[in-house]
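J.: curious how this folds, go ahead:
(chains A and B)
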Amino acid sequence: MCGIAGVIHRDGAADVGTELTAMLQSMKHRGPDSTGYAVYGPADDLVVVRFVLAEPNKSTGFGMEERLERNRAEVESRLAKIGAEVATVSSDTGYAFRATIRYGGDLKALADYLEDVDGCEVLSLGSSLEIIKDLGDAETVSGQYSLGSFRGTHGIGHVRMATESEVDLASAHPYWAYPFADVAVVHNGQLTNYHQWRRRLEQHGHRFQSECDSEIIAVYLAEYMSRGLTLETAMKHSLDDLDGVFTYVCVTGNELGIAKDEMAAKPLVLFESEPLVAVATEEVAIRALVQREVETRDPYEREVLVWQV
Amino acid sequence: MPGSGSRSGISYDARGLVEPHADMPDNIEVDGDRARFDASELTIRQINMALRQLIYNDGIADVTVLNPASKHSLAVGILKRCRIHFEGSPGWFACGLIDGPEVTINGRVGWSVAENMMSGVVTVERSAGSLTGAAIRGGDLIVKGDVGARTGIDQKGGTIIVTGDVGINTGFMMQRGRQIICGNAGMNLGDSMYDGAIYVAGKVRSLGVDCVPGEWDDADTELIERKFGIHSLGDPPEFQKFVCGKQLHNYDALEPSERKLVIH
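T.: You can find the predicted model right below:
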């Protein structure tokens, strides 16, 4: 059981960090183990790289501080070697980092090169996407990463109750659609043809960071969008190709989309107004965002909806 | 009113699960056998505690709950004839397992409203989520809007009326009772149903396994007109009737000792 949420402001930037935190915190009962965000700030000519060098519960201990520092230096060195000009590198935690770089090359090559550093996992790459995830509830993670001051047009979030894999960052959502810039996914459900699709996508050169079935959706969408399909078309294809019960929310640099499987087995409630669209697993999260009576509805089976900023 | 206490928000235990606040709310207004209170700052436990105290112990017959704010599991398990009015939208599992109350909700409800209701009336003035009226055994459930998937799944009695559309697997494994759908129905209507009847005024996307068109008779007309009259729903539209084809499950073929389990 997990909780997912998404919000898109069609009329410009808002406090999406604060908004998603309120929505996710109201669904803490659906998953207290980890919380994740994919939020979109103003697009920049700089590429934002969010990466971690260790799992939070393995980031301390003998020699760990030196190791993290050494690996951070190695990441910066590799960024320079691959032709990226590093503007800033900062860390809120000691193990999770945010770098802004000037880079016009191949993002896949960049991600692969960085992830070759011991313990390094690239959480997101893009001109406006930032994926932040950590252990704990929404307020804890938001406080840790100062998300209260994050302004942007849209974002998604996820609270996780670990039932079938570890309580760690690798299994926490959202998933970046490696190697596609600015695309991320959160998912609630189970995919039953995970291994089939994983093998197929790996044969196309994609890599997976976790054993979590949700990661398939992000990589699947990346694969189809790299062939020139729109987000909406790729999402519609996914309803035929992915088996299981699922509801997922996907975001790109200027879009937010939802998809429900053909059994409509997993919950999602939708609030739509002219400036604001919000989706969440439960109505209580919509109420945490819009603090008045509003009309909401459950999207039906095989429904795919996409909104633009 | 008995009891008093703070009106703090939800807190969580060490596992991250909701820690119910157990103090009686101190904002209840009582007027004769009627009462009302604002639930916006109350926990689920406090709201249900107040409802039970008022209805069971204080002789209150009519309670209005203001601002339920989509909180879950409100008015669950009330087993007494009374009136409860929600001014706003409760969340999931509202009015589950009730036996007797007449509930009006002037907002929307989330999943599983009136699940396992034994008797009573639940009227929702706007839309509802999935699993509306799941496994109800009696009473009337009226939703004046669209509902999600699996409406009346495993229904064992009572009547569900939806003035809008319903989603996939409506009436799945329905065993008894009536569903009156004024809008369209999604795929697999009445899939694997055992008995009962589903009336649909709009289009049916597809019928489920062993769900077949039924023969209309005067009892159907009488039932629909009576229900529309009781609940002030205006003139009923024309309906198609769908029933169990009795190829998959057939109560008529049960042994006498088994039949008593499914008597009307």
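
J.: C-alpha only now, for contacts and for neighbours.
T.: OK.

J.: got the residues of chain A near chain B?
T.: Chain A has residues A:28-29, A:31-32, A:263-265, A:267, A:282-284, A:287, A:292-293, A:295-301 near chain B, with proximity defined as CA under 8 Å from any CA of the partner chain.

J.: in the stretch 1-150 of chain B, where is pLDDT below threshold?
T.: Per-residue confidence for the stretch 1-150 of chain B (pLDDT under 70) gives these ranges: B:1-21.

J.: ranges for the strands of it?
T.: Using DSSP state E, counting those that start in this stretch, the strands of the stretch 1-150 of chain B run over B:11-12, B:18-19, B:29-31, B:34-38, B:62-66, B:83-87, B:99-105, B:119-124, B:140-143.

J.: what packs against the longest helix seen in chain A?
T.: Using DSSP state H, we find that the single longest helix of chain A is helix A:64-81. With contacts defined as 3 or more CA pairs under 8 Å, 6 or more residues apart in numbering or on different chains; DSSP states H and E, the packing partners of helix A:64-81 are strand A:85-91, helix A:107-115.

J.: convert the C-alpha atoms of that helix to PDB, please.
T.: These are the backbone C-alpha positions of helix A:64-81, laid out as PDB (Å, rounded to 0.1, in the frame of the first residue of the first chain):
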ATOM      1  CA  MET A  64      32.400   6.600   5.700                       C
ATOM      2  CA  GLU A  65      32.900  10.400   5.900                       C
ATOM      3  CA  GLU A  66      36.200  10.200   4.000                       C
ATOM      4  CA  ARG A  67      34.800   7.800   1.500                       C
ATOM      5  CA  LEU A  68      31.800  10.100   0.700                       C
ATOM      6  CA  GLU A  69      34.200  13.000   0.300                       C
ATOM      7  CA  ARG A  70      36.400  11.000  -2.000                       C
ATOM      8  CA  ASN A  71      33.500   9.800  -4.100                       C
ATOM      9  CA  ARG A  72      32.100  13.300  -4.300                       C
ATOM     10  CA  ALA A  73      35.500  14.600  -5.500                       C
ATOM     11  CA  GLU A  74      35.500  11.700  -8.100                       C
ATOM     12  CA  VAL A  75      32.000  12.700  -9.300                       C
ATOM     13  CA  GLU A  76      33.100  16.300  -9.800                       C
ATOM     14  CA  SER A  77      36.300  15.100 -11.500                       C
ATOM     15  CA  ARG A  78      34.200  13.000 -13.900                       C
ATOM     16  CA  LEU A  79      31.800  15.800 -14.600                       C
ATOM     17  CA  ALA A  80      34.800  17.900 -15.700                       C
ATOM     18  CA  LYS A  81      36.300  15.000 -17.700                       C
END
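
J.: show me what that helix is in contact with.
T.: Helix A:64-81 has contacts (CA atoms under 8 Å, 6 or more residues apart in numbering or on different chains) with A:53, A:54, A:59, A:85, A:86, A:94, A:95, A:110, A:113, A:114, A:117, A:118.

J.: in this structure the third one contacts residue A:96, no?
T.: No: counting by CA atoms under 8 Å, residue A:59 stays clear of residue A:96, with 9.9 Å between them.

J.: neighbour-wise, which of the two wins?
T.: Under the neighbour definition other CA atoms under 10 Å in any protein chain shown, residue A:59 and residue A:96 were set side by side, and residue A:96 has more, 25 against 18.

J.: buried subset of the residues of chain A next to chain B, written for PyMOL?
T.: This is how PyMOL selects the buried members of these, with burial counted by 16 or more other CA atoms under 10 Å in any protein chain shown:
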select buried, chain A and resi 28+29+31+32+263+264+265+267+282+283+284+287+293+296+297+298+299+300+301
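
J.: for the stretch 51-200 of chain B, what lies in contact range of chain A?
T.: Looking at chain A, the residues of the stretch 51-200 of chain B close enough under CA under 8 Å from any CA are B:69-71, B:88-89, B:91, B:107-108, B:110, B:127-130, B:146-149, B:167-168.

J.: 7 Å - rerun?
T.: Proximity of the stretch 51-200 of chain B to chain A (CA under 7 Å from any CA of the partner chain) is limited to residues B:69, B:70, B:71, B:88, B:91, B:110, B:127, B:129, B:148, B:149, B:167, B:168.

J.: what's the pLDDT at residue 162?
T.: No chain in the question, so chain A it is. Predicted confidence (pLDDT) for residue A:162: 82.

J.: switch to chain B, please.
T.: pLDDT for residue B:162: 98.
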